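Novice: What would the 3D arrangement of this be:
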Amino acid sequence: MDRTEILYNGHCPICSAEIAQYRKQAENADAPLVFTDLHQTDLSGWQLTPEQATRRLHARHQGQIISGFPAFLIIWRALPRMRWLARLLDRPVLRQIADLGYNFLAAPALYQLHRWREARRP
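Specialist: Numbering: from 1, shown residues only. So this is what the prediction gives:
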């Protein structure tokens, strides 16, 4: 089975905590997921600038780069304990609501927190 690579912001404590939970579940289930901190990899293969990479979650799945809420669906589908959530939220109306929530609330808020933390780094 092909591995899906997940690109996340390792400088974001919220993102890192969530990814740690996914990583643990993936290891326990032998799920085909690989988690890569965007600050520890060459982004040219992702066709993303560092700025673009920090704004959203990204997945490289079946040769395609997928960003935002659809990347979460890919993770959840691969994890036995999260499949129910993928099935629930991958319905037309719920997917649209979740996608809007990610695009207009979660992702911008996490990005602003990231910029605030980065501005205060020594």
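
Novice: so where's this structure shaky on pLDDT?
Specialist: Per-residue confidence for the chain (pLDDT under 70) gives these ranges: 1.

Novice: what about the strands in it?
Specialist: 4-8, 33-37, 58-61, 64-67 (DSSP state E).

Novice: Show me where this structure has its helices.
Specialist: 13-29, 50-55, 69-78, 83-89, 92-101, 107-119 (DSSP state H).

Novice: Identify, out of those helices, the most deeply packed stretch.
Specialist: Most buried of these by mean neighbour count (mean count of other C-beta atoms under 10 Å) is helix 69-78; its value is a mean of 21. (C-beta placed from N, C-alpha, C; glycine too.)

Novice: which one is residue 10 nearest to, not counting chain neighbours?
Specialist: Excluding its sequence neighbours, the residue lying closest to residue 10 (C-beta to C-beta, 6 or more residues apart in numbering) is residue 37, at 3.3 Å.

Novice: distance of the one you found from residue 59?
Specialist: Here the criterion is C-beta to C-beta, to the nearest Å. By it, residue 37 lies 14 Å from residue 59.

Novice: And residue 41, by the same measure?
Specialist: To residue 59, residue 41 is 14 Å away according to C-beta to C-beta.

Novice: Neighbour count for these two, which is higher?
Specialist: More neighbours surround residue 59 than the other of residue 41 and residue 59, with 23 against 14 (other C-beta atoms under 10 Å).

Novice: Residue 4 is in contact with that one, correct?
Specialist: Yes - using C-beta atoms under 8 Å, residue 59 makes contact with residue 4 at a distance of 5.8 Å.

Novice: got any residues that touch both of those two?
Specialist: 74-75 (C-beta atoms under 8 Å, 6 or more residues apart in numbering).

Novice: Could I get the contacting residues of residue 61?
Specialist: Counting by C-beta under 8 Å, 6+ apart, the residues that residue 61 touches are 4, 74.

Novice: redo that, cut-off 10 Å
Specialist: Each residue near residue 61 by C-beta atoms under 10 Å, 6 or more residues apart in numbering is listed here: 2-6, 32-33, 70-71, 73-75, 77-78.
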